[in-house]
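*Asks:* this is a predicted model, with the sequence first.
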Amino acid sequence: MIGNLNHVAIAVPDLEAAAAQYRDTLGAKVNAPQDEPDHGVTVVFIELPNTKIELLYPLGDDSPIKGFLEKNPSGGIHHICYEVEDILAARDRLIASGARVLGNGEPKIGAHGKPVLFLHPKDFTGTLVELEQV
Ligand code: CO
């Protein structure tokens, strides 16, 4: 059911420093920061030949990654995102198999303008999983 790895998202305590490290030290193609007020994050997209890295930084007081950064002050992998062809079919299959979808279960429009859902990390070996319809 899942297809390509769309991105790995890393929460960072200093967005500028992390972007500079990927650009200058790792030599990656790093895009300009983008505010995503609906998701409570500022994102820097890093384009790799086969996938993307997203650096996440809290935006606003109730950012969903604020608590994560409090627990992981030097930053860390926050979630991984897999592509699916039909997000509603994927959701229904997952719910039928006992997995928990976060929020109200309806897809939201994600950072790339496509429908996304998040799955409970406790159901997926401690990893927050995002599904994105492509
Ligand atoms: Co994501």
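*Replies:* Arrived safely, thanks for sending.

*Asks:* got a list of what the nearest residue to Lys29 once chain neighbours are set aside touches?
*Replies:* In this structure, Lys29 finds its nearest non-sequential neighbour in Glu47, 4.4 Å apart by C-beta to C-beta, 6 or more residues apart in numbering. Every residue, glycine included, has its C-beta placed from N, CA and C. Glu47 makes contacts with 28-29, 31, as judged by C-beta atoms under 8 Å, 6 or more residues apart in numbering.

*Asks:* list phi and psi for Glu47.
*Replies:* The phi/psi pair for Glu47 (degrees, to the nearest 10) reads phi -100, psi 120.

*Asks:* and the pLDDT at it?
*Replies:* The model reports Glu47 with a pLDDT of 98.

*Asks:* hey, which helix or strand in the protein has the poorest pLDDT?
*Replies:* The weakest-scoring helix or strand in the chain, judged by mean pLDDT, DSSP states H and E, is strand 108-109 (a mean of 90).

*Asks:* partners of it in the sheet?
*Replies:* Applying DSSP bridges, strand 108-109 is found paired with strand 115-119 (antiparallel).

*Asks:* can you tell if the partner strand touches the ion?
*Replies:* No. Strand 115-119 lies apart from the ion when judged by C-beta under 5 Å from the ion; the minimum separation is 6.9 Å.
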